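Visitor: show me how the following folds:
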Amino acid sequence: MAAVGCSAADSSGSPKISFLYSPYADYAPFFLAQDKGYFSQAEVEVELLAKGGTSGETYQLVSTNNVTSGGATWGAGLFNANAAGASLSVIASVSRIPLSGPNPAPFLVSTSSGITSVADLAGRRVGTPGDGGFGIYSIAKALESGGLTLADVELVNVGPPETGPALSGGSIDAAWSIEPISTALTSQGIAEELLPIDYHAGTELGALVFSSDFVDENPEAVVNFTAAYLAAAAELKAGGWDDPDNQQIIATYTELPVETLTSLALTEQDPTGTIDWDDVHLQETFFRERGTLEFEGQSDIENAFRSDLLEQARQRSAELGA
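Guide: The predicted structure follows:
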């Protein structure tokens, strides 16, 4: 990723916002906000930057003002950064697991494993992308639904792109996965979903974060950016996922054919940006018990939340769009 900064401004003096995103459908509102002019209507100039690193890297780049903002998962990295006093402001929810329907981050088992229930996983090898993020949390919730814990399985570090070879080669028996990889694995007959979505339904996945220094200096720009994001999320929720023009925009950013994109299970983007703090606190408790937090006591993550700016953005978002 090219080096960037957050001090640039357009000809009118409005600060330019650089935003780090992952090339997944979770970020569809930001893609639409850019290409359909929501950001322009909100009078904010935005540079969307695809990232190749982890959420922890996003928090580091944002808090050190190398980029203005980004979307990243809740996890040990954010709780640790907040507790350490990093310059991070939480503005809104980015995505969550739906309460029902297709699962955008399913727990998969190899079709040759013979596993038909959570109980069958005892002593088996389970692929996880790491120990500090949503993947391991989701695995724990899946195991809990069948009376098991993480201690009952053998965890193997496997990134999502390597899940297919690991399952088909027999080095793991099951794994956490994510779209579009999960759909590819099931359609190819390599894996199948073990559980319906219930075990982690409603889980908060990601947060919109800004550099606190930027927020303090440019609160109106943050409000306008967030308003544009919420307006685009509202369009999608109102049926915009079925619009061929929107599908093409999202397909371009995710580098997926439209036919593939429209077959995926989707995360949920809330047009109000509401964060389920009870769920966030459950995740923090999990990581504390897991031993991946680097501080004692609570992180006070809600102190980083700028509810005032989110409320202003909600009001402003109603003015945007067609």
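Visitor: from now on I want contacts and neighbour counts done on CA atoms only, so please keep to that.
Guide: OK.
Visitor: residues near L148, how many?
Guide: By other C-alpha atoms under 10 Å, 18 other residues sit near L148.
Visitor: show me what contacts it?
Guide: 118-119, 122 (C-alpha atoms under 8 Å, 6 or more residues apart in numbering).
Visitor: look at it and give its secondary structure.
Guide: coil (DSSP: H, G, I helix; E, B strand; the rest coil).
Visitor: surely V158 and R125 touch.
Guide: No - using C-alpha atoms under 8 Å as the test, V158 is too far from R125 to be in contact (10.8 Å).
Visitor: ignoring the adjacent residues along the chain, who's closest to E193?
Guide: Of all residues not flanking E193 in the chain, L108 sits nearest, at 4.6 Å (C-alpha to C-alpha, 6 or more residues apart in numbering).
Visitor: now the helix or strand where the one you found lies: mean pLDDT?
Guide: L108 is part of strand 107-110 when elements are defined by DSSP states H and E. Averaged across strand 107-110, the pLDDT comes to 98.
Visitor: ok, stretch 55-70 next?
Guide: Across stretch 55-70, pLDDT averages out at 90.
Visitor: on that earlier part again, the residue nearest to E193 is in contact with A191, isn't it?
Guide: Yes - L108 is within contact range of A191, at 6.0 Å (criterion: C-alpha under 8 Å).
Visitor: in ChimeraX, select just the buried ones from the contacts of L148.
Guide: To isolate the buried members of the contacts of L148 in ChimeraX, using 16 or more other C-alpha atoms under 10 Å:
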select :118
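Visitor: which one of the contacts of L148 is nearest I249?
Guide: V118 (38.8 Å; C-alpha to C-alpha).
Visitor: show me where this protein has helices.
Guide: Here the chain has its helices, by DSSP state H, at 28-35, 38-41, 55-63, 76-83, 134-144, 163-169, 181-187, 212-217, 219-237, 244-254, 258-261, 277-290, 307-317.
Visitor: quick one, the longest one and helix 244-254 angle?
Guide: Interaxial angle of helix 219-237 relative to helix 244-254 (axes from the mean of the first three to the mean of the last three C-alpha atoms, to 10 degrees): 120 degrees.
Visitor: using CSV, list the CA coordinates for helix 219-237.
Guide: In CSV, the C-alpha atoms belonging to helix 219-237 read as follows (Å, rounded to 0.1, in the frame of the first residue of the first chain):
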residue,chain,number,x,y,z
PRO,A,219,-15.5,17.2,13.3
GLU,A,220,-17.7,18.5,10.5
ALA,A,221,-15.7,16.5,7.9
VAL,A,222,-16.1,13.4,10.0
VAL,A,223,-19.9,14.0,10.3
ASN,A,224,-20.2,14.5,6.5
PHE,A,225,-18.2,11.4,5.7
THR,A,226,-20.3,9.3,8.1
ALA,A,227,-23.5,10.8,6.8
ALA,A,228,-22.6,9.7,3.2
TYR,A,229,-21.7,6.2,4.4
LEU,A,230,-25.1,5.9,6.3
ALA,A,231,-27.0,7.2,3.2
ALA,A,232,-25.4,4.6,1.0
ALA,A,233,-26.1,1.9,3.6
ALA,A,234,-29.8,3.0,3.6
GLU,A,235,-29.9,2.7,-0.2
LEU,A,236,-28.6,-0.9,0.0
LYS,A,237,-31.0,-1.8,2.8
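Visitor: now do it: everything it contacts.
Guide: Outside helix 219-237, the residues that touch it by C-alpha under 8 Å, 6+ apart are 14-15, 28-30, 32-33, 38-39, 41-44, 91-92, 215, 269-273, 309-310, 312-318, 320-321.
Visitor: kindly recompute the last result at 7 Å.
Guide: 29-30, 32-33, 38-39, 42, 44, 215, 269-273, 309-310, 312-314, 316-318, 320-321 (C-alpha atoms under 7 Å, 6 or more residues apart in numbering).
Visitor: same thing with the fourth one?
Guide: Contacts of helix 76-83 from elsewhere in the structure, counted by C-alpha under 7 Å, 6+ apart, are 56, 59, 88, 132-133, 287, 292-294, 299, 301.
Visitor: and with 6 Å instead?
Guide: The contact list for helix 76-83 (C-alpha atoms under 6 Å, 6 or more residues apart in numbering) reads 56, 132, 293, 299.
Visitor: nearest spatial neighbour of P196, skipping sequence neighbours?
Guide: Closest residue to P196 apart from its sequence neighbours, by C-alpha to C-alpha, 6+ apart: N103 at 7.2 Å.
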